[in-house]
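> I need the structure of the sequence given here:
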Amino acid sequence: QAQKKEYITKHKRLNRIGAMRLVQHRRPEGLRPALARFVALHTRQWAGREDAVAPFTDPGVLAGFTAIAEEMGAEGLIDITELYSGEALVAAHFGFVFRGTYYAYRTAFNRDAFRVSPGHLMLQELLTACAREGL
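Okay, the predicted model is just below:
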């Protein structure tokens, strides 16, 4: 019950900043720009940290993700989910959809919105959306 109250409070805080909305991209034409926003958000989140694993600042990592998104995205197997507060992107998630299952892979969030746990709110919204789809 306490956790539910916490998320209700965080939803309200985020909505005060700007209306919260979840956007999912699975079509090839939406994936490329969504991937660029995801990479930018993830890069800002991990900037200056030595513990970043496979950062997008490594050209090979970026090329690999781009190739995966293009090849698998053409088959509808990639999902990039974004959580917005108004027009501001506050969290994003890179995942896979295959045979009725959503596979969570990599997440990113805007550190300026840390107080409202944008990554947790996005995951909660993403799971709700997956359940609606029967994933």
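
> Would you check that residue 74 makes contact with residue 29?
No: applying Cβ atoms under 8 Å, one finds residue 74 not in contact with residue 29, separated by 10.6 Å. Placement of C-beta: from N, CA and C, glycine included.

> Would you confirm that residue 21 belongs to a strand?
Yes: using DSSP: H, G, I helix; E, B strand; the rest coil, the assignment for residue 21 is a strand.

> okay but it is in contact with residue 84, surely?
Yes: counting by Cβ under 8 Å, residue 21 touches residue 84, with 5.1 Å between them.

> Give me the more crowded residue out of those two.
Each of residue 21 and residue 84 has its neighbours counted (other Cβ atoms under 10 Å); residue 84 has more, 19 against 13.

> Spell out the secondary structure type for that one.
Per three-state DSSP, residue 84 ends up strand.

> need the contact list for it.
Residue 84 sits next to 18, 20, 21, 22, 23, 90 when contact means Cβ atoms under 8 Å, 6 or more residues apart in numbering.
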